[in-house]
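[1] quick one, what's the 3D model for this:
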Amino acid sequence: MPTTPTSLLHTPGLPAGPADIRLVVTDMDGTLLDDDKRIPDGLWPMLAELRRRGVLFSPASGRQYATLARQFADVSEGMVFIAENGTYVVRDGVELSSDPLENSVAAGVVRTVRRLVADGVDVGAVVCGKRSAYVERTDEAFLAEVRKYYVEHRIVADATAVDDDVIKVALFDFGAAEHSTAPALAEFAGTHHVVVSGEHWVDVMNRTANKGTALRGLQNALGITPAQTMVFGDYLNDLEMLDAAEWSFAMANAHPEVLRRARHLAPSNNDAGVLRTVARVLGL
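    The predicted structure is shown next:
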């Protein structure tokens, strides 16, 4: 594997004709969506053509399942949603897999956030359950960020005592999460998966939980190989997913570690990089 991915137009080994791709998996924010959080208009006719060819398209995101299902409501039949950074995988409303977090761990993360807030850090916790997300902060600035990713959310007095299967705890930091909030979670990093999933987001999940684990489970269930899988990502929560596909693409705008890990380079999210790459490789 190269230390840095090669550009789409100059990648050795890309076929002159269509490749045998059976599964296309893409991250959402910073990858499929542009910086204004818009889905490229060209995706919808492309999805129809992929379906006609028998190619499964799967969004894989830190976003909530309900949010993803709403975004793809008109084309969701048969689509597999890898939600909540791989902790919850759903197809046609039926759970395919999940990796719930122990309640004591989720409560411990919430208490850590409370201490950070008391110390002056502008951060809030989102306790992510299968049915809903739960938050204690009530200010509009924080809730506006929550609404982008969690259409099903509730304000609660005590997020350590929610009645739901908790699958992760997401922390939104108005500063740089990688340098402020993430280090404060060191006590969980030894036993759980603490991943910076965006400039302002950190997720705490089970050590076994990531997009790559979810993708490998899906591949096994469907009989699809890594050689038949195309994956797109831009941030640190996409690394394991990139490892599960031979056709792994980092976006041009990706985090440096993602650029090192992927086999190939796609145009940026603002240049419809996912669509352009799929069209190039599959000969659409």
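[2] just give the closest residue to the residue nearest the centre of the chain, not the sequence neighbours.
    With the centre of the chain defined as its mean C-alpha position, the nearest residue by CA atoms, centre = their mean is Ser61, 2.3 Å away. Computed as CB to CB, 6 or more residues apart in numbering, the closest residue to Ser61 that is not its neighbour in sequence is Met28, at 4.1 Å. To be clear about C-beta, it is placed using only N, CA and C from the backbone, and glycine gets the same treatment.
[3] also Thr213?
    Taking CB to CB, 6+ apart as the measure, Thr213 lies nearest to Gly86, with 5.8 Å between them; neighbours along the chain are not counted.
[4] just checking, next helix/strand downstream of the longest helix along the chain?
    Of all segments of type helix in the chain, defined using DSSP state H, the longest is helix 103-118. From helix 103-118 onward toward the C-terminus, using DSSP states H and E, the following helix or strand is strand 123-129.
[5] which strands or helices does that following strand pack on?
    Contacts defined by 3 or more CB pairs under 8 Å, 6 or more residues apart in numbering; DSSP states H and E place strand 123-129 against helix 103-118, strand 133-135, helix 140-149, strand 166-173.
[6] and the angle for that strand with helix 140-149?
    30 degrees (axes from the mean of the first three to the mean of the last three CA atoms, to 10 degrees).
[7] now do strand 123-129 against helix 103-118, angle only.
    Relative orientation of strand 123-129 versus helix 103-118 (the same axes, to 10 degrees): 160 degrees.
[8] rewinding a little: and the residue nearest to the centre of the chain, what does it touch?
    With contact taken as CB atoms under 8 Å, 6 or more residues apart in numbering, Ser61 is in contact with 27-29, 68, 82-83, 85.
[9] quick revisit: contacts only, for the residue nearest to Ser61.
    With the criterion set at CB under 8 Å, 6+ apart, Met28 makes contact with 59-61, 63, 68.
[10] tell me the two of the contacts of Ser61 that are most distant?
    Maximum pairwise distance in the contacts of Ser61, criterion CB to CB, is 13.8 Å, between Asp29 and Ile82.
[11] if we can go back for a sec, I'd like the helices and strands packed on strand 123-129 as a markdown table, with distance to Gly212, mean neighbour count and mean pLDDT appended.
    As requested, the helices and strands packed on strand 123-129 are exported to a markdown table (distance: least, CB to CB, whole Å; neighbours: other CB atoms under 10 Å; pLDDT from 0 to 100):
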| stretch | distance to Gly212 | mean neighbour count | mean pLDDT |
| --- | --- | --- | --- |
| helix 103-118 | 21 | 18 | 94 |
| strand 133-135 | 23 | 25 | 97 |
| helix 140-149 | 20 | 15 | 95 |
| strand 166-173 | 15 | 26 | 95 |
